[in-house]
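Trainee: my questions are about this predicted structure, shown below with the sequence.
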Amino acid sequence: MDAELLKSKVIREIDALAPELLSASHTIHEYAEMAFKEYKSAALLEDLLEKHGLTVERGIAGMETAFRGMYRGKGEGPTIAILGEYDALPHGHACGHNIIGVAAVGAGIALKNSLGDVPGSISVLGCPAEEGGGGKVFIAKEGYLDGVDAALMTHPMSGTSMIGGPNLAITHFSIKYHGKAAHAASDPHEGINALDAMILGFQNVSALRQHVTEDVRMHGYIIDGGKAPNVIPDYTEARYIVRAATRANLEKVAEKVRKCFAAGALATGATLEFERGFSYSERIVNMTIARKVQANLRKLGLEVEDEPIHVRGSTDFGDVSQLVPAVNAYIQIAPDTVASHSNEFREAAKSPEGDKGLLNAAKAMAMTVVDLLSDPSILKEAWEEHERALAQRR
C-alpha cells in the first residue's frame, strides 16, 4: 500500500464531499441543540453516514443522540475511532461543535470510499453532551472503545493550530442546604439560616485554596440564596466545580471540598444535600500519533505549534485517552483575539474560515488513519507510550 497515494485519494474524496459536509455543518449550526437533546443534529449525521454506506447503530450507550457508524475493511486489521461532537451552548454553537461532528463523519466516509483492500476498520462515534453530561464517558463505559486501537478528534480554535496538550480532570457538585424560615427582625432566633451555611461553605473553600496544588481550580455560583431580605432563608442551592491535573488529585480535593460545605451545615444547624455530578479524567496526549497529525496538518498547508499546548479547561475526551492512544487536534478558524464560547466564535463556526477548518480537520484525521493502518509500527509504539503514561499515574 502506498500511503501517500492513499492520502491523496482521501483528500480528493473530502473535496468531493465538501458541499454535503458544509451544508450539514451550517444546518447543525442553525439547530443549536444542547446536551442530550441533539435529536436533529444526530439524525442528520447518522443519515449522512448511512447514505454513504457505513453501518449505523443509533441510540448507543443508553443515549438517544449517540451513534456509531462502522466501516469494516477486508481482512483483520486495527480499528481506529474518529469522534465527533454536535451539542451547542445556550447561545448557540459558540464552541464550534457543528464542525467537530461533521469533520468526523466526513473523515469516516472518505476512508470508507478510499481504503479498498486495506485491512482495518473505522468507527465513527457520535458523542453528545460534551458541554454538560459527558457522552464519551458513557460510550467508554458501555464498551464502545473495546477493541479500538487509537482514537482521533479535532476541535476548532482561535489562533495557531495545535495538538491539545494535557488538561484538567473535572467534577461537578450540586449543593443544597435546608434550614428553617423565620422573620429576620422579630424572630431570627427561631430560624436556621441556609444562606449563612452556604456562605460559610464558600468561605471554607476559599481558605482551602492555600493548601492545594497549583493545578487545582475551584469555582461555583449560588443559584438560590433566599427570597426576601426580611426572611431567614430556609433553602439555598449552588453549583460547584473542582478541577485538577490528574484524576487522583481531583479525588483528594473533591473530598476536602465536601468537608468544607459539610462544615457550613455543622456551624449553622442546616441540613446539607451534597450530590456529585459528572466527572471527566485528564487528557493523555499520545505523542507518537500526535507527530503524525502534525505532519499531516502541515502537508495541508497549516501552521501548527511544535509542541502540544497545555489547556486549563476540561473535556470528556480525557476519558477516551485513558483507555486508548488518543490525539485531540485543534484547528484554527479564527484569529487569537476571538475568545472561545463567545458570540464571535459562534459566527466563526459558520464562516468561510470555519468551513475551511472543517475540511482540513476531516482531511488530517483521514490522512492520519492511513498512516496508522499502513504502518503497524506506529500503533505498536503508540501503545507502548500509552502504557508508560498510565503506569506513571498509578
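Mentor: Cool, got the structure. Given the structure is predicted, the values throughout are model-derived calculations rather than measurements. Numbering: from 1, shown residues only.

Trainee: and the one helix or strand residue 195 maps to, what does it pack onto?
Mentor: Here residue 195, judged by DSSP states H and E, is contained in helix 194-208. Packing partners of helix 194-208 (3 or more Cβ pairs under 8 Å, 6 or more residues apart in numbering; DSSP states H and E): strand 169-178, strand 217-224, strand 235-244, helix 247-268. Glycine gets a C-beta too; all of them are placed from N, C-alpha and C.

Trainee: so for that helix, what's the average pLDDT?
Mentor: Over the span of helix 194-208, the pLDDT mean works out to 98.

Trainee: kindly format the C-alpha coordinates of that helix as PDB.
Mentor: C-alpha atoms of helix 194-208 as PDB (Å, rounded to 0.1, in the frame of the first residue of the first chain):
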ATOM      1  CA  ALA A 194     -29.400  28.200  55.000                       C
ATOM      2  CA  LEU A 195     -27.700  31.200  53.300                       C
ATOM      3  CA  ASP A 196     -25.200  31.500  56.100                       C
ATOM      4  CA  ALA A 197     -24.400  27.800  55.700                       C
ATOM      5  CA  MET A 198     -23.800  28.300  52.000                       C
ATOM      6  CA  ILE A 199     -21.600  31.400  52.500                       C
ATOM      7  CA  LEU A 200     -19.600  29.600  55.200                       C
ATOM      8  CA  GLY A 201     -19.100  26.700  52.700                       C
ATOM      9  CA  PHE A 202     -17.800  29.100  50.000                       C
ATOM     10  CA  GLN A 203     -15.500  30.800  52.600                       C
ATOM     11  CA  ASN A 204     -14.200  27.400  53.700                       C
ATOM     12  CA  VAL A 205     -13.200  26.600  50.100                       C
ATOM     13  CA  SER A 206     -11.500  30.000  49.900                       C
ATOM     14  CA  ALA A 207      -9.400  29.100  52.900                       C
ATOM     15  CA  LEU A 208      -8.600  25.700  51.300                       C
END
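
Trainee: in CSV: the helices and strands packed on helix 194-208, plus distance to residue 391, mean neighbour count and mean pLDDT.
Mentor: CSV is the format used below for these (distance: least, Cβ to Cβ, whole Å; neighbours: other Cβ atoms under 10 Å; pLDDT from 0 to 100):
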stretch, distance to residue 391, mean neighbour count, mean pLDDT
strand 169-178, 18, 21, 97
strand 217-224, 26, 15, 98
strand 235-244, 20, 20, 98
helix 247-268, 13, 18, 97
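
Trainee: out of the ones you listed, nearest to residue 350?
Mentor: strand 169-178 (28.3 Å; Cβ to Cβ).

Trainee: ok now the closest one, how far from the chain's centre?
Mentor: Relative to the centre of its chain, strand 169-178 is centred 20 Å away, using Cα atoms, centre = their mean, to the nearest Å.

Trainee: give me the angle between it and strand 235-244.
Mentor: With axes from the mean of the first three to the mean of the last three Cα atoms, to 10 degrees applied, the angle from strand 169-178 to strand 235-244 works out at 160 degrees.

Trainee: what helices or strands is strand 169-178 leaning on?
Mentor: Using 3+ Cβ pairs under 8 Å, 6+ apart: strand 169-178 touches helix 194-208, strand 235-244, helix 247-268, strand 271-280.

Trainee: one more pass at 10 Å, please.
Mentor: Applying 3 or more Cβ pairs under 10 Å, 6 or more residues apart in numbering; DSSP states H and E, we find strand 169-178 packed against helix 194-208, strand 217-224, strand 235-244, helix 247-268, strand 271-280, helix 317-321.

Trainee: strand partners (parallel or antiparallel) of that strand?
Mentor: strand 235-244 (antiparallel), strand 271-280 (antiparallel) (DSSP bridges).

Trainee: would you reformat these as CSV and include distance to residue 372?
Mentor: Output for the strands paired with strand 169-178, formatted as CSV (distance: least, Cβ to Cβ, whole Å):
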stretch, distance to residue 372
strand 235-244, 31
strand 271-280, 25
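
Trainee: what about the ones you listed, which gets the closest to residue 120?
Mentor: Among the strands paired with strand 169-178, strand 271-280 comes nearest to residue 120, with 28.9 Å by Cβ to Cβ.

Trainee: C-alpha coordinates for that closest one, CSV please?
Mentor: In CSV, the C-alpha atoms belonging to strand 271-280 read as follows (Å, rounded to 0.1, in the frame of the first residue of the first chain):
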residue,chain,number,x,y,z
THR,A,271,-29.1,20.1,56.6
LEU,A,272,-26.8,19.6,53.7
GLU,A,273,-27.5,17.7,50.4
PHE,A,274,-24.3,17.3,48.6
GLU,A,275,-24.5,15.5,45.3
ARG,A,276,-21.7,14.7,42.9
GLY,A,277,-22.4,15.1,39.2
PHE,A,278,-20.4,14.0,36.1
SER,A,279,-16.6,13.9,36.1
TYR,A,280,-14.0,13.8,33.3
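
Trainee: the longest helix seen in the chain: what's the following helix or strand?
Mentor: What stands out as the longest helix in the chain, according to DSSP state H, is helix 3-31. Next helix or strand after helix 3-31 toward the C-terminus (DSSP H and E): helix 39-51.

Trainee: buried ones in that next one?
Mentor: Within helix 39-51, the residues that count as buried by 16 or more other Cβ atoms under 10 Å are 41-42, 44-46, 48-49.
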